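# predicted model and sequence follow; I will ask about them next.
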Amino acid sequence: MAKPVRPRAPRAAKAAPTKIAAAQAPAKPAIIETDTLAGEEDAVFALRSLQQAHANNKRYDASDAELLHFYEQMVLIRRFEERAGQLYGLGLIGGFCHLYIGQEAVAVGVQSALKAGHDSVITGYRDHGHMLAYGIDPRVIMAELTGRAAGISHGKGGSMHMFSTEHKFFGGHGIVGAQVPLGAGLAFGHKYRDDGGVCVAYFGDGAANQGQVYETFNMAALWKLPIVFVVENNGYAMGTAVKRGSAETHFYRRGTGFRIPGMDVNGMDVLEVRQATEVALDYVRARNGPVLMELNTYRYRGHSMSDPAKYRSREEVQDMRDKHDPIEAAKQELLRRGVTEDRMKDIDKKIRQAVAEAADFAENSPEPTADELYTDVLVGKY
């Protein structure tokens, strides 16, 4: 039987659109019925972002003693980095040197919530602050910066490649984004041993566009690895503003395609960072898989000591110092709580002395001997 043919309307009843009109006409959006989605689990995921949990309680309720400790740690990082910059200028630190000045609330806020020596930390080449926040002796860090045998990596790692298995600090990595998949390996180790540990993997807004980061997101989510991904978004990567280098500038959303919940956090407020980390750790330690935290922060110096930072104005930097400095904010809160200015001056004096001693220790320590070249190349025991 012949297939019936539907009668057509006369041509004169409808004018044919011009090519220009057809090109300008907006495409009709496709309508997707909710019952065609993969299932209830997808609908639930849309509601389980940790952003709301963070918004409900943004700041950690620190005691005076805790806030003083956070203040002291941030001041230690600031003074240490200032001295490192001086030593670099004197030629005592070779190679690259990336300072953490301005970003202190990130490392202190996150790592104050971790179990030191149990939870793992891994980061990129801007690593001095993270080591100090984990309680590692500033003397051995400064000795490493200056390439001395007393350094934490025996003088062979320098500024960018510090390491301490004792403290569960696994670098210090010079390749942009390369620490993220290694962090997943550390998290897999925690899961395999079932030791309850969590890995925190830091990376920057520039590294956030690396393909290996997304491969790691997928694997970490698939295996529900105990890992917190921390994007330290300081706005400029190596010198390019975020809006010029990233199509999606809200980095905490980057894990959505992998079912990784995210949080958008003020990285200049140590108490907000600490509270957000508590939310993330509760989620991860409950075996739910990874979390992605975007910590919006700001570095006052250039990308490295050799960077003149001409991609931003002096007025912008000064405005951040004046209005958003994490150390000054903590100081003002302590003053409101009744902690005296003299007590904080005593802390600053003590830290300046400790940093001076660390610099003297480094300068007076010998360089590694030639046979040190052959150590740490192969694993001696399996």
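Great, that's in hand.
# any chance you could list what contacts stretch 165-175?
Stretch 165-175 is contacted from outside by 96, 116-125, 127, 130-131, 134-136, 153, 157, 160-163, 179, 182-183, 186, 197, using Cβ atoms under 8 Å, 6 or more residues apart in numbering. For every residue, glycine as well, the C-beta is placed using N, CA and C.
# redo that, cut-off 7 Å
117-125, 127, 131, 134, 136, 157, 160-163, 179, 182, 186 (Cβ atoms under 7 Å, 6 or more residues apart in numbering).
# separate out the buried members of those.
119-125, 127, 131, 134, 136, 157, 160-163, 179, 182, 186 (16 or more other Cβ atoms under 10 Å).
# for the protein, what's the longest helix?
The residue-count maximum for a helix in the chain (DSSP state H) belongs to helix 64-89.
# buried residues in it?
Neighbour count says helix 64-89 has 67-68, 70-81, 83-85, 87-88 buried, by 16+ other Cβ under 10 Å.
# now for it, which elements pack on it?
Here helix 64-89 touches helix 104-111, helix 128-133, helix 138-145, helix 326-336, helix 341-364, going by 3 or more Cβ pairs under 7 Å, 6 or more residues apart in numbering; DSSP states H and E.
# could I get those in CSV, plus columns for distance to K243?
Shown next, in CSV, are the helices and strands packed on helix 64-89 (distance: least, Cβ to Cβ, whole Å):
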stretch, distance to K243
helix 104-111, 21
helix 128-133, 26
helix 138-145, 33
helix 326-336, 23
helix 341-364, 36
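# quick check, N296 in contact with N234.
No. Using Cβ atoms under 7 Å, N296 makes no contact with N234, being 8.3 Å away.
# just the contacts of stretch 165-175: which are in helices?
Per DSSP H, these map to helices at M131, Q179, L182, L186.
# residues near the nearest residue to the second one once chain neighbours are set aside, how many?
I take that to be Q179. Leaving aside its sequence neighbours, Q179 sits nearest to H173 (Cβ to Cβ, 6 or more residues apart in numbering; 4.2 Å). The burial count assigned to H173 is 23, neighbours taken as other Cβ atoms under 10 Å.
# can you check S246 too?
18.
# ok, now the one 3 residues further on?
Counted with other Cβ under 10 Å, residues neighbouring T249 total 16.
# going forward, count from 546.
New numbering, starting at 546: the last item is T794.
# list the residues that contact the residue lying closest to it once chain neighbours are set aside.
Excluding the flanking residues, the one nearest T794 by Cβ to Cβ, 6+ apart is V787, at 5.1 Å. Neighbouring residues of V787 by Cβ under 7 Å, 6+ apart: D750, N778, G780, T794.
# what of V651?
Counted by Cβ under 7 Å, 6+ apart, V651 has contacts E777, G812, V818, L840, T842.
# is the fourth one in a helix, a strand, or coil?
Applying DSSP: H, G, I helix; E, B strand; the rest coil to L840 yields a three-state assignment of strand.
# quote the end-to-end distance of stretch 848-856.
11 Å (Cα to Cα, to the nearest Å).
# hang on, I meant stretch 631-648
End residues of stretch 631-648 are separated by 19 Å (Cα to Cα).
# quick check: buried residues in that stretch?
L632, Y633, L637, I638, F641, C642, H643, L644, Y645, I646, G647, Q648.
# what's the answer for stretch 765-781, then?
Those would be 765-766, 770-781, for stretch 765-781 by 16+ other Cβ under 10 Å.
# any idea where the strands of the protein begin and end?
Using DSSP state E, the strands found in the chain span residues 665-667, 744-749, 772-778, 807-811, 836-841.
# now these in CSV, with mean pLDDT and distance to I872?
Listed next are the strands of the chain as CSV, based on pLDDT from 0 to 100; distance: least, Cβ to Cβ, whole Å:
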stretch, mean pLDDT, distance to I872
strand 665-667, 98, 22
strand 744-749, 97, 20
strand 772-778, 98, 17
strand 807-811, 96, 15
strand 836-841, 97, 16
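# nice, that's everything, thank you.
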